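Enquirer: curious how this folds, go ahead:
(one chain, ligands or ions: 2)
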Amino acid sequence: MFRGILEGMRQTLRSFFEKPVTIQYPEQKRPVRARFKGRHVLKRYENGLEKCIGCALCAAACPADAIFVEAAENTDERRFSPGERYASTYEINMLRCIYCGFCEDACPTEAIVLGDNYELSFMDRAASIYTKDMLLEPVPAVDKLTPQSTPPGVFTRSVPEMKDPED
Ligand code: SF4
Ligand code: SF4
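Expert: Ligands and ions are numbered 1, 2, ... in the order given. From the prediction side, this is the model:
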């Protein structure tokens with residue numbers, strides 16, 4: 001028994017001098033891995049236009065049926081995104097989401113991206129529905145809000161020309 005006590009004290013002393021593995025969250029945060037999939041962000045182009053064109057491919061690809069998209073028509077006087085349509089409603093039910101990233105893979109414009117934010121908490125079910133306003137990234141400058149008035153015939157293409165992905 002005495003031997004057991006000594007062993008216990010030895011382990012306690014050893015841990016006392018070891019570098020702590022805990023951190024003082026939330027003041028301190030560990031960086032996430034490069035492939036971490038956290039809270040979604042709806043991206044914009046540098047000119048402030050929204051990348052989302054309301055095609056709902058992300059909703060179709062979602063295995064948890066967590067995404068709801070409704071589209072409306074763009075006009076040159078009131079343009080949210082390039083092309084004909086934009087997402088007038090975009091919602092993700094974070095209680096359903098399993099963070100698989102299928103929505104990200106399905107998106108033709110790279111509009112929806114799973115970011116590095118893992119701080120999701122809700123006090124009720126309604127608060128778990130993240131709306132477009134919550135998901136959309138901030139505008140790059142104050143004069144680049146959406147909707148924008150754009151010159152006719154410029155933003156006709158919904159999906160930008162992209163290079164083939166590199167290995
Ligand atoms: S990460 Fe997966 S489960 Fe979550 S919204 Fe996207 S497709 Fe659906
Ligand atoms: S996020 Fe992408 S896939 Fe989903 S509606 Fe918008 S453009 Fe389409």
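Enquirer: and the gap between the closest residue to residue 125 other than its chain neighbours and ligand 1?
Expert: Using CB to CB, 6 or more residues apart in numbering and skipping residues adjacent in sequence, the residue nearest residue 125 is residue 95, 6.7 Å away. Glycine gets a C-beta too; all of them are placed from N, C-alpha and C. When distance is defined by CB to the nearest ligand atom, to the nearest Å, residue 95 is 11 Å away from ligand 1.
Enquirer: and for residue 95, the neighbour number?
Expert: Close neighbours of residue 95, defined as other CB atoms under 10 Å, add up to 13.
Enquirer: do the same with the one 4 residues further on
Expert: Residue neighbour count, defined by other CB under 10 Å, stands at 17 for residue 99.
Enquirer: over to residue 51?
Expert: Neighbourhood size, residue 51 [other CB under 10 Å]: 24.
Enquirer: quick one: contacts for it?
Expert: 42, 43, 44, 45, 81, 109, 110, 111 (CB atoms under 8 Å, 6 or more residues apart in numbering).
Enquirer: now with 7 Å, please.
Expert: Residue 51 is in contact with 43, 44, 45, 81, 109, 110, 111, counting by CB atoms under 7 Å, 6 or more residues apart in numbering.
Enquirer: ok, which pair from the residues you listed is furthest apart?
Expert: Of all pairs drawn from the contacts of residue 51, the greatest distance, 12.6 Å, lies between 81 and 110 (CB to CB).
Enquirer: which one's more surrounded, the two?
Expert: Neighbour count, other CB under 10 Å: between residue 81 and residue 110, residue 81 has more, with 25 against 13.
Enquirer: just the element for the more buried one, please.
Expert: Using DSSP states H and E, residue 81 sits within no helix or strand.
Enquirer: relative to residue 144, how far out is the residue nearest to it when sequence neighbours are not counted?
Expert: Excluding its sequence neighbours, the residue lying closest to residue 81 (CB to CB, 6+ apart) is residue 50, at 4.4 Å. According to CB to CB, to the nearest Å, residue 50 and residue 144 sit 11 Å apart.
Enquirer: for residue 105, same thing?
Expert: From residue 105 to residue 144 the distance is 28 Å (CB to CB).
Enquirer: what about those two, which has more around it?
Expert: Between residue 105 and residue 144, counted using other CB under 10 Å, residue 144 has the larger neighbour count: 15 against 11.
Enquirer: geometric centre of this protein: which residue is closest?
Expert: For the chain, residue 40 is the residue whose C-alpha lies nearest the centre (CA atoms, centre = their mean; 1.6 Å).
Enquirer: ok now do residue 103, which residues does it touch?
Expert: 58, 61, 62, 67, 112.
Enquirer: same question, residue 131
Expert: Contact partners of residue 131, counting by CB under 7 Å, 6+ apart, are residue 91.
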